[in-house]
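okay, structure incoming, though there's no sequence with it:
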């Protein structure tokens, strides 16, 4: 079978890694990768190969297999061994920075790692042929809103997920056991709504809790959607409305849409 | 002073470490010159970091010289791993030597 690119096999010894590095640098330059990309490629392939040299084989150096081929706008490099597979071990010698995989992660466009005790380890790295752009510090970002925002298709899975999230925040709000079960009932009532009752059939729920209260909000909803949603909420077990459970119920709108906000205070 | 020439990786790391050991045994300060280096891998970086720690633990001076015209590949890897914040880097050999000299603390 004709290889789709370069295939190299050589014994997994440290001095052989330079062979791989130079072969790949030659290929990359022929593919007109720019010097910064070639440098990154040399780094990631060296780190991947050194992992094989150091970890794959106990006694004799087994084979180290390297494949490299162009794939669309990228160069794909795969480094493989037939050895032990990935075994996390603390580094008691303090000789290693454990920087190999983080470097591969930082410099490749994407990478995939797989391994099993009987199959050895394979790391496949994708390097975009076009420049990576600059390594400027991350652009300033907006601070995250407090609490947790979840989105799921309305249906059976919402209940278990939402009740777990509500429980965690209720504990943060120092809820008593009784109040916690009120909060979970509230979550159950929201989760019990069918897909038809949520906009786009998606349960969008935001949960936040501090020492004062637990706040659960549902939305965005279309105009009037909150009233309608509220009117349909029933607690299956006790067939009561939410007015009994929530201390405050309000509709918050921001012009385009509205959210139904339900607040449970720590003390009922 | 240790000058790292050309490409270096795990296969050279033991030798690098030996040279550092020799300087430490002699009670000397350690200056590492990266001006002629064209490739380092994480094991060389680990040896460099370890050399800095051990030298400083003995109270000896330590400095790395990485001039502005150092190979961009080296500057890139040092930058990505944040090593400039972990070790004393200087953009000139003279500055590095002065900083590592006994009695002078950066």
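Looks like it came in fine. Given the structure is predicted, the values throughout are model-derived calculations rather than measurements.

what's across from residue B:39 in the sheet?
The partner list for residue B:39 in beta bridges (DSSP bridges) reads residue B:7.

am I right that it is in contact with residue B:5?
No. Contact criterion C-beta atoms under 8 Å: residue B:39 and residue B:5 do not qualify, at 10.7 Å. All C-beta spots, glycine's among them, are computed from the backbone N, C-alpha and C.

how about the contacts made by the residue lying closest to residue A:81 once chain neighbours are set aside?
Distances taken as C-beta to C-beta, 6 or more residues apart in numbering or on different chains place residue A:56 nearest to residue A:81, at 3.8 Å, with adjacent residues excluded. For residue A:56, the contact set (C-beta atoms under 8 Å, 6 or more residues apart in numbering or on different chains) comprises A:12, A:62, A:64, A:81, A:82, A:83, A:84, A:120, A:121.

the second one contacts residue A:80, doesn't it?
No. At 10.7 Å, residue A:62 does not count as touching residue A:80 under the criterion of C-beta under 8 Å.

the two: which has the busier surroundings?
residue A:80 (22 against 17; other C-beta atoms under 10 Å in any protein chain shown).

and for the one helix or strand the more buried one maps to, what are the contacting residues?
Remark: residue A:80 resides in strand A:74-81, with elements defined by DSSP states H and E. Applying C-beta under 8 Å, 6+ apart, the external contacts of strand A:74-81 come out as A:5, A:12, A:24, A:27-28, A:31, A:33, A:41, A:44-45, A:48-49, A:51-52, A:56-57, A:62-70, A:109, A:120-129.

which stretches of chain B have low pLDDT?
Counting by pLDDT under 70, chain B shows low-confidence ranges at B:103-106.

make it 80
Scanning chain B for pLDDT under 80 picks out B:102-106.

same check on chain A?
Low-confidence segments of chain A (pLDDT under 80): A:1, A:84-97, A:116-118, A:130-143, A:233-244, A:255, A:267-268.

within range of chain B, give me the residues from it.
Counting by C-beta under 8 Å from any C-beta of the partner chain, the residues of chain A close to chain B are A:14-15, A:17-18, A:21, A:35-36, A:39-40, A:42-43, A:46-47, A:50, A:53-54, A:94-97, A:99-100, A:103, A:106-107, A:135.

from those residues, which land in helices?
A:14-15, A:17-18, A:21, A:35-36, A:39-40, A:42-43, A:46-47, A:50, A:100, A:103, A:106-107 (DSSP state H).

can you tell me which of the contacts of residue A:56 lies closest to residue B:59?
Nearest to residue B:59 among the contacts of residue A:56 is residue A:12, at 40.3 Å by C-beta to C-beta.

so the closest one is in contact with residue A:58, correct?
No. Counting by C-beta under 8 Å, residue A:58 is not a contact partner of residue A:12; they are 11.4 Å apart.

show me where chain B has strands.
Here chain B has its strands, by DSSP state E, at B:2-3, B:6-7, B:30-33, B:37-39, B:62-65, B:89-90.

winner for burial among those?
The highest average neighbour count among these, using mean count of other C-beta atoms under 10 Å in any protein chain shown, belongs to strand B:62-65 at a mean of 24.

adjacent strands (with direction) for that strand?
With DSSP bridges as the test, strand B:62-65 is paired with strand B:30-33 (parallel), strand B:89-90 (parallel).

gap between it and the chain center?
On the basis of C-alpha atoms, centre = their mean, to the nearest Å, strand B:62-65 sits 5 Å off its chain's mean C-alpha point.

so which residues make contact with it?
Here strand B:62-65 makes contact (C-beta under 8 Å, 6+ apart) with B:29-35, B:48, B:51-52, B:55-56, B:87-93, B:95-97, B:99-100, B:106.

mind doing that once more with 6 Å?
Surrounding strand B:62-65, the residues in contact under the criterion C-beta atoms under 6 Å, 6 or more residues apart in numbering or on different chains are B:30-33, B:52, B:55-56, B:87-90, B:93, B:96, B:99-100.

ok, now stretch A:96-103?
Here stretch A:96-103 has contacts from A:47, A:51, B:42, B:46, using C-beta under 6 Å, 6+ apart.

grab the nearest non-local neighbour of the first one.
Meaning residue A:47. Using C-beta to C-beta, 6+ apart and skipping residues adjacent in sequence, the residue nearest residue A:47 is residue A:100, 4.1 Å away.

go on, the second one?
Spatial nearest neighbour of residue A:51, chain neighbours left out: residue A:100 (5.4 Å); criterion: C-beta to C-beta, 6+ apart.

ranges for the helices of the chain?
You didn't pick a chain, so chain A it is. Using DSSP H, helices in chain A cover A:14-30, A:35-51, A:100-107, A:158-172, A:177-191, A:225-232.

that's the wrong chain, I wanted chain B
B:13-25, B:42-57, B:72-80, B:93-100.

closest to residue A:226 out of those helices?
Taking C-beta to C-beta, helix B:72-80 is the member of the helices of chain B nearest to residue A:226, at 48.9 Å.

what angle do the closest one and helix A:100-107 make?
For helix B:72-80 against helix A:100-107, the angle by axes from the mean of the first three to the mean of the last three C-alpha atoms, to 10 degrees is 110 degrees.

briefly note if helix B:72-80 comes near chain A.
Yes. With C-beta under 6 Å from any C-beta of the partner chain as the criterion, chain A is reached by helix B:72-80 at B:73, B:80.

show me what counts as buried in stretch A:45-56.
Of all the residues in stretch A:45-56, those buried under the rule 16 or more other C-beta atoms under 10 Å in any protein chain shown are A:45, A:46, A:47, A:48, A:49, A:50, A:51, A:52, A:53, A:55, A:56.
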